[in-house]
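>>> predicted model follows, preceded by the sequence.
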Amino acid sequence: MSVQHVVFIILSAIALIGALGVVLNRRLFRSALFLVVSFVGVAGFYILLEAELLAMIQLLVYVGAIAILIIFAIMLSRQAMAADDKVLNEQWVLGGLAAVVLCAFLIYILTRVNWPVVEAAVPANSIQRLGESLVNPNGFVLPFEVASVLLLVALVGAVIIAREK
Amino acid sequence: MTANLFFNLTWLIPLFPLAAFAIIVLWTNRNQLLSTWVAWIGIGLAWILGWLIFWLAGYHAKYLTAPVENFPVPLFSIPTGSTELQVGFQVDTLTGLMLFMVPFVCLMIFIYSKGYMNYGTKAVDSRYSRFFAYISLFACGMLGLVVSDNLVTLLIFWEVMGLCSYLLIGFWFEKKYADPNRITPKQAGLKAFLTTRIGDILMLAGMLLLYTQTGTLTFKEIFSSEVLEKLATTYAFGQVPWATVIAILIFGGAVGKSAQFPLHIWLPDAMEGPTPVSALIHAATMVSAGVYLVARIIPLFVAVEGGTQLAVVAFIGAFTALFSGTMAIAQNDIKRVLAYSTISQLGFMFAALGIGAYVAAVFHLITHAFFKALLFLGSGSVIHGVEHGHHHTAHEGHGHESPEGDLRGGEFDANDMMNMGGLLRRMPATGWAFIVGALALTGIFPWAGFWSKDEILADAWNAFMHGTEFGVAKFWPIFVWAMLIVAALLTAFYTARLVFLTFAGRPRTEAAHHAPESVPSMTWPLIILAIFSTFLGLFGMPWASQVYNLLGKYSTILGEHIPHGEFNALVAGISLFVAALGWLFGWLLYGRKPLAAAVDPLEKPLGPVYTLFKNRYYIDQIYQKVIIRPVIGLASAAYAFDDRIVIDPIVDGVGRFGRWLSEFLKKAVDNPIVDGAVNGVGRATAWSGEFMRATQTGQIQNYLLVAVVTVLLLLILFIVRS
Amino acid sequence: MQVPLSWYLVVAAALFCIGLYGVLSRRNAIGILMGVELMLNAVNVNLIAFWRYVEVVQASVAGQVFAIIVITVAAAEAAVGLALIIAIYRSRRTVDVTEADQLKL
Amino acid sequence: MDYVLNLWVRLATDVYQLFLGWGLPEWGAKLIIDFIIILILVILGVLAVIVLTPMERKVIARMQDRPGPNRAWPYGLSQAFADAIKMLTKEMILPRHADRLIYTAAPILIVIPALMIYAVLPFGPQAADAELKLGATNLNVGVLYFVALGSVASIAILMAGWGSNNKFALLGAFRVVNQLLAYEVPMILSLLAVVVLTGTMATQRIVEVQSIPYLIVMPIAALTFLASAMAELNRSPFDLLEAESELVAGYQVEYGGMKFAMFYIAEYVNILSTSILFSALFLGGYKFFGLEKVAPVLAPFIVLGKAVSVFFFMLWIRGTFPRIRLDQLVGLAWKFLVPLSLVNLVLAALVVKLSANNWVQAGLLLLGNLITVAVTFLIMSLVERRAKSGGSVVMSEAQNLTPAAER
């Protein structure tokens, strides 16, 4: 068991416990925080997979923006949750069951298939190449541009929807 | 050759009057003068072309010395089922002769009828131009019949003429008579049409049989030797050869149209029509069409040696001649006397055809057309004058348009000879022309009647003495000759009676007293016809008979077989003697001391026989009882039976069955099945709607769950399968 | 020795299913949103794992690009989602999904 | 002498050899060396608090023409220790119904990201291939790492605000987070300008590439970064957090004693790390006119010197500028700094494309910057004139930072 394995286990522990915390927690703010924990765990995975840029983006976007956004939303709708006694809806048993069965099957399939794994070191300038491919015409410039438009639209949309009438 | 050029134009002859008819009917019927001229031009052109072709046919025949090939020129073909019927026209010497007579007579009558219809005067007939249209159509019919080269078009034009006669007889269809049993023009028209129709049916039957046997109806093919041979030798119903059966049947048509014995009743009643019509149709042309028809298909008659059909024709002809002569004696109406004389003269012609005197028959046909037209037009002029006189006398009284009897009924009948008398001095032109016609009719020496009638009698005598080419038995023509001689006597007598009653003596009524002479447009046609009646005979003189040349030598119809009647002084003498005798009797009874009272001196001596003759042997009544009433009875019975017992029940039954069926279907099928299905669908949708509603909980997570579960199922499926 | 790929996939699957459970069973809209975020994270882990173990050799960065795009979409989705939730909250005074089951809000 | 000149490297290698001598496996030795370095960096952070707090109080006091703390030990230098002792003696209180876990976790979570930043700060020249990495791990996403950790801090602040179950704390937390988010964007854009110019995000490489301090080359980028950094640190004109008059120390209101001290420490650690980063990115890092090549040993001291001078500048600004309102604050960020830094970024990208030579680049970029500054002044005057007619708020210009009081 090399260092990586140990680190992997720790990180997966963080991520999964965070996730469980999000799902099972009775108080919403706590589940939000556990969400942050899970995000950090996932960021750890990226670092382990030597995709530092992704890790930093994950931290920046998820932890820095989305988590805060969620917390903001929680704050804004606080009264409703004050008397929040019921956390789960009627079909939580079925939901749980479905999730567990799905997870079992997925794990069964994923472990069954032998993936075309190839041992290779991450090239040094992977970030440069990522940057280039993002703007390279026959690379991913279109998705990149579309994503930017999407963000703009989402920005405007969110403002309009949530605006005080 | 120029002849061919004109022969090719023969189909135009019937077209000119037809065009005139169309123009009058469609455009010019409002303008009476214009209509008159259109009619005249139509018949004028037909007359000119007609005479031209007659001359060419004749000339052609004389100089070319070859018999005139009958000249069928196909115009177009009528598809008759699987085969095509070639329709065309033909010209030969017989057609030439007819084309000489028909258009000229028509022209004279057209001119005459302008005056007769009081053109320009106040009393002009309101349907004046319609009259000219009808007579133009009639002229087209007659000319078409003469020119056509097959039986089908012949029948078509034959029917056109029948239609025209019906229309023209019933021209004054609104005229009614107080005397119930006096026939009105409408009824007369209908009677004429139906009686000729019976004849036409026989003719049609004959034609159909001919067609079935020979497969063709054009004269050229019928008279080919092998077809005649076939007809003569094949036997129908076992013994009778087809030729006889067909000939007799077609002769039946001729009997109907030319008013021979069984079907003669319509001609006297046809006098109800205007006099030019009577002259044109019921004297000169239409009635002679029957004779022309038999003359045209004479080879069919002679196909069987000594066949019975010739005897039938001869005897019917002779008997009709005698029979109608007797009736003519007792008639007071001037036009009815002439009608009966026409019937008897036609009888002469058929008798001549019957005994094979082909040339004599056709020659008599031509001459008779001229002097009979003359007589009728003359009588028309007389009636017109008397009518005028009657108006003159009853001036202050009633005004009425039609020149014939007054509308209110027959108090005064312009036709009745008893109301006339002494008209010669008042109407000299009409009178003298009338007397020339009468002399021609009775066959006095120089006039045409003598040559044609004598020739018939001569041929009859020859037939009796030594039989004829066509196998006519030696002895029976003597009966024909005897009947004809007696008929000739009667002709002379009633003609004389007619002349003396109307023209001789003193006018018996005021109307006759003031009867003025007719307008010139009516009198000079009479004079022209009179001239023709006298000099036409010279063409037929036995020793130099042009007619014989035309019909015998140069005609291909019978070729050389036609008997060349030498001049038989004895027979000629007998016939002349008989005619003179007739005139003598007539003069004795009517001419010597002109009658004052309107009583017929003949009545007393003949007694019952006279009443028999007067009432036309009660044939009309017989027919009424024997044929018409039973037929009507049968018809009404059939109708009754049919209507009440057969059709009504059937119709009602169907109705009831229909209702019952719909009722039954409604109960059996409609309610359970159709309604059931429809309601079922409704209920099914309602139920499914209800059922599905449950799935729409509005909870988003339910839907998500369903989605996930389905993914799972797919996954399981995928795994299980792989 | 590297961590075998399947480990990552298993953890990601677990994460995904936990997120799914969160989405399916939580009553609070924001809870559902968090579940969705978890699922998206799981997807990203898969993407990067595959990039690292399979794609790196071809020196292509499709996996990473895809992950970035997923992150942007997640951000946009979170923003709009929360805006909607707040709008619903403002008009219905509740954030409870089970109560917001009428078409007309 | 050579040993002294590049003391740190020699020392590290000697110690490394020592450990190897002791029979430690290589990675073990490397691990320990790394651990020692980490320890040194943490101590450096804590030292910052001790040095910077009294310095700040002294300097502000002197600016306000008052002596400042001079009671503690000679000339008040040991004020920090005095504060620490005070903090320690305070009672650990827990607000009622507060979420205990979050309340206690918040102060810890504040300090962790602050300290984590030191991993990426460059303290001295480092041979790329040296198997002993002293100072900054050449994390090739160094700059992004710095920003990410900054944003993580906001989570901690929110936890503090929510945990203390106090409306004012929560409001304070919201305001601070709002401010942080608002200023994150201009900071990133200005950093981007630097990254575009140097071509890499690793701080170590940036310093090596930086022949001319970018403050001179790109004044706009530098000053935007400085402004937004101060906002991130809740310093000077942007310190709405401690705005006594309004929110009484914002989200720290329920914390006392050592928890409050943690916030305090986190703040100053952040200040030091930000100013070191500023000096690294814009003041040429450990370069001092070639001195570092001669005596690498002095490199860290050069860096610290520059950092302290930056801090002094911040104190200077704090002393002179009054606090600005929240909407002005956010307006300044979105309507003024962001466009400026965007323009600068575009300029930088353009210049990089135009020429490869450093000097030409620097010249052009400086020219571009000066032009943009001139244009902004023009626009500012136009807006002001129109503002005279209307009463709309006028945005203050970055240099003079004068709050937009109605003039």
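Now that the structure is in, tell me what you want to look at. Residues are numbered from 1 along each chain as shown, chains lettered A, B, ... in the order given.

>>> could you report the neighbour count for residue B:275?
By the criterion of other Cβ atoms under 10 Å in any protein chain shown, residue B:275 has 29 neighbours. The C-beta positions use only the backbone N, C-alpha and C, and glycine is treated the same way.

>>> interface residues of chain A facing chain B?
Counting by Cβ under 8 Å from any Cβ of the partner chain, chain A comes close to chain B at A:89, A:91, A:94-95, A:98-99, A:101-102, A:105, A:108-109.

>>> got a list of what the residue lying closest to residue C:97 once chain neighbours are set aside touches?
Of all residues not flanking residue C:97 in the chain, residue C:29 sits nearest, at 5.3 Å (Cβ to Cβ, 6 or more residues apart in numbering or on different chains). By Cβ atoms under 8 Å, 6 or more residues apart in numbering or on different chains, the contact set of residue C:29 is C:85, C:88, C:95-97, C:100.

>>> check the residues you listed and tell me the two furthest apart.
C:85 and C:96 (10.8 Å; Cβ to Cβ).

>>> quick one on the thing from earlier: in TSV: the contacts of residue C:29, plus distance to residue B:222.
Output for the contacts of residue C:29, formatted as TSV (distance: Cβ to Cβ, whole Å):
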residue	distance to residue B:222
C:85	112
C:88	109
C:95	114
C:96	113
C:97	109
C:100	107
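
>>> out of those residues, list just those in helices.
Here DSSP state H is the test, and the contacts of residue C:29 give C:85, C:88 as lying in helices.

>>> any idea which of the contacts of residue C:29 is the one closest to residue A:42?
Checking the contacts of residue C:29 against residue A:42 with Cβ to Cβ, the nearest one is residue C:85 at 23.5 Å.

>>> who in chain A is up against chain D?
Contacts of chain A with chain D, taken as Cβ under 8 Å from any Cβ, map to A:27, A:29-30, A:33, A:36, A:52-53, A:55-57, A:59-60, A:63-65, A:67-68, A:71-72, A:75, A:127.

>>> just the buried members of these?
A:29-30, A:33, A:36, A:52-53, A:55-57, A:59-60, A:63-65, A:67-68, A:71-72, A:75, A:127 (16 or more other Cβ atoms under 10 Å in any protein chain shown).

>>> can you name the residue of the stretch 601-722 of chain B nearest to chain D?
The nearest approach of the stretch 601-722 of chain B to chain D comes at residue B:701, 27.4 Å away (Cβ to the nearest Cβ).

>>> could you do chain A as well?
For chain A, Cβ to the nearest Cβ, closest residue to chain D: residue A:64, 2.6 Å.

>>> I'd say that residue and residue D:177 touch.
No - using Cβ atoms under 8 Å, residue A:64 makes no contact with residue D:177, being 10.1 Å away.

>>> need the overlap of contacts for the two.
residue D:154.

>>> for ChimeraX, what selects the buried ones among the contacts of residue C:29?
Of the contacts of residue C:29, the buried ones go into a single ChimeraX selection, burial set by 16+ other Cβ under 10 Å:
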select /C:85,88,95,96,97,100
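
>>> chain A: which of the contacts of residue C:29 is nearest?
Of these, the one sitting nearest to chain A (Cβ to the nearest Cβ) turns out to be residue C:95, at 4.8 Å.

>>> surely that closest one touches residue C:33?
No - assessed by Cβ under 8 Å, residue C:95 is found out of contact with residue C:33, at 10.3 Å.

>>> overlap of the contact sets of those two?
Shared contacts of residue C:95 and residue C:33, defined by Cβ under 8 Å, 6+ apart, comprise residue C:85.
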